[in-house]
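Novice: sequence and predicted structure are below.
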Amino acid sequence: MNLAMKKSSTDIEYGKKVIDMEADAVKNLIQHIDDNFEKAIDLIIKCNGRIVVTGIGKAGIIGQKISATLASTGTPSYWMHSFEARHGDLGRVVAEDVALALSNSGETEVAQLIPFLKKIGAKIIAITGNDKSRLAKYSDIVLYIGNIDEACPLGLAPTASSTAMLALGDALALTVLKKRNLSKEEYVFFHPGGEIGRKLLTVDVIMRKDEENPITNEDTIVADALKIMTSTKGRPGAVSVLDSNKKLVGFFTDGDLRRNLQKDVSFLKKAIKDVMTKKSKFIKTGRLASEAYKILRENKIDQISVVDDNNVPVGMVDVQDLLDAGY
């Protein structure tokens, strides 16, 4: 084996060792998930303020991610740099908050914040690898990650310990999410942009409703129906047609208008029930916006009526609404 191949093999083996050490750090966390974890969950659930995540260095960076995960899963949270907290940012914290403090040693600037956080009245949850530290001693709840050997060849750079903190933070956030029974719809509310929001978005969120949802009675003459279409905010270019029981019986679009005008100008005086599309496409409330998009695309139409379980039109989705939502 030449020298280059030997070096490459050594690098690969060490890379695997690093991953093994970090994986072990996470796996060993399981033995530390005890009553304190459950107490932390209850404290977060009952918090009437926000979860203030604080840390410094690599632990602080992990804290930012934990805070973001909490916020995106329905638990109000923000991150506060431990150093900046000592220079004014502590004013953000109120008695109703819960502080989640991260420090592997438990003896960093984070520990120096504890007396001030307690004076404010905030409860404190510590995530640390030193259950004998000042941070652990003065916190209300201690989540111990264990005495972890770092994957760094010097044994100094936070690696395995920060990975364990991240995993524990995910465990906290997702257990809280599960306990809150957060629905997909509520989750989407916190993710209106991007692929997640687009996949789970329902027609109820994007549909035009109330004064933006044009409807008319089947006995209305076409000319009057056109006035409704053109005077409706957003001018969707369509109108849902209802019978005497307010049920959907048809749909009329500007495309129908153009086609009928080519045949007979006098059709404007006809009842809209005589010229509307009677077996029009529709979608029910609660259905995914992606389904509405598929119907429009496959049928080469620009609008669709949204109906409730009683077939009453409660909204309308225009192709532009879907484009604005990222489709």
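Specialist: Nice, I can see it.
Novice: okay, strands next: where are they in the stretch 1-150 of the chain?
Specialist: 51-55, 77-81, 98-102, 123-128, 141-144 (DSSP state E, counting those that start in this stretch).
Novice: and the ones you listed: which comes nearest residue 324?
Specialist: For those, proximity to residue 324 was assessed by Cβ to Cβ; strand 77-81 is nearest, at 29.3 Å. (Each C-beta comes from the backbone N, C-alpha and C, glycine too.)
Novice: OK, contacts around residue 183?
Specialist: Going by Cβ atoms under 8 Å, 6 or more residues apart in numbering, residue 183 touches no other residue.
Novice: same check, this time on residue 224
Specialist: residue 216.
Novice: mind checking how far it is from residue 308?
Specialist: Relative to residue 308, residue 224 is positioned 25 Å away (Cβ to Cβ, to the nearest Å).
Novice: which residues touch the residue nearest to residue 324 when sequence neighbours are not counted?
Specialist: The spatial neighbour of residue 324 that comes closest, neighbours along the chain excluded (Cβ to Cβ, 6 or more residues apart in numbering), is residue 206 at 7.6 Å. Residues near residue 206 by Cβ under 8 Å, 6+ apart: 289, 317, 321, 322, 324, 325.
Novice: identify the bridge partners of residue 288.
Specialist: Under the criterion DSSP bridges, residue 288 forms beta bridges with residue 202.
Novice: state the distance from it to residue 77.
Specialist: According to Cβ to Cβ, residue 288 and residue 77 sit 29 Å apart.
Novice: neighbour count: those two, which is higher?
Specialist: Remark: of residue 288 and residue 77, residue 77 carries more neighbours, 24 against 15, as counted by other Cβ atoms under 10 Å.
Novice: please name the residues that touch that one.
Specialist: Contacts of residue 77 (Cβ under 8 Å, 6+ apart): 50, 51, 52, 53, 67, 68, 70, 71.
Novice: which non-adjacent residue is nearest the last one?
Specialist: Meaning residue 71. According to Cβ to Cβ, 6+ apart, the nearest residue to residue 71 is residue 77 (4.7 Å).
Novice: quick check: the gap between the one you found and residue 173.
Specialist: For residue 77, the distance to residue 173 equals 9 Å [Cβ to Cβ].
Novice: also residue 248?
Specialist: 43 Å.
Novice: re earlier: beta partners for the residue nearest to residue 71?
Specialist: With DSSP bridges as the criterion, residue 77 is bridged to residue 51.
Novice: distance check, it against residue 100.
Specialist: To residue 100, residue 77 is 8 Å away according to Cβ to Cβ.
Novice: let me see the contact set for residue 208.
Specialist: 234, 236, 315, 316, 317, 318, 321.
Novice: make a markdown table from the contacts of residue 77 and add distance to residue 122 to it.
Specialist: Output for these, formatted as a markdown table (distance: Cβ to Cβ, whole Å):
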| residue | distance to residue 122 |
| --- | --- |
| 50 | 10 |
| 51 | 10 |
| 52 | 7 |
| 53 | 12 |
| 67 | 15 |
| 68 | 20 |
| 70 | 16 |
| 71 | 18 |
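Novice: now, among these, which is nearest to residue 39?
Specialist: Closest to residue 39, out of all of the contacts of residue 77 and judged by Cβ to Cβ, is residue 51, at 14.6 Å.
Novice: could you export the helix or strand residue 262 falls within as CSV, CA atoms only?
Specialist: Per DSSP states H and E, residue 262 falls inside helix 254-263. This file holds the C-alpha atoms of helix 254-263, laid out as CSV (Å, rounded to 0.1, in the frame of the first residue of the first chain):
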residue,chain,number,x,y,z
ASP,A,254,-65.5,34.7,-18.2
GLY,A,255,-64.7,31.8,-20.6
ASP,A,256,-68.4,30.9,-20.7
LEU,A,257,-69.1,34.6,-21.4
ARG,A,258,-66.8,34.7,-24.4
ARG,A,259,-68.1,31.5,-25.9
ASN,A,260,-71.7,32.5,-25.6
LEU,A,261,-71.1,36.0,-26.9
GLN,A,262,-69.8,34.5,-30.2
LYS,A,263,-73.1,32.6,-30.6
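Novice: so which residues make contact with it?
Specialist: With Cβ under 8 Å, 6+ apart, helix 254-263 has contacts from 222, 226, 229, 237, 238, 267, 275, 276, 277, 301, 302.
Novice: then stretch 30-49?
Specialist: By Cβ under 8 Å, 6+ apart, stretch 30-49 touches 51, 70, 75-76, 94-98, 122-123, 125, 140-146, 171-172, 175-176, 179-180.
Novice: so this structure: which segments form each domain?
Specialist: Listed domain ranges for the chain are 15-182, 203-324 (source: automatic domain parsing).
Novice: show the end-to-end separation of the shortest one, please.
Specialist: The distance separating the two terminal residues of domain 203-324, taken as Cα to Cα, to the nearest Å, comes to 13 Å.
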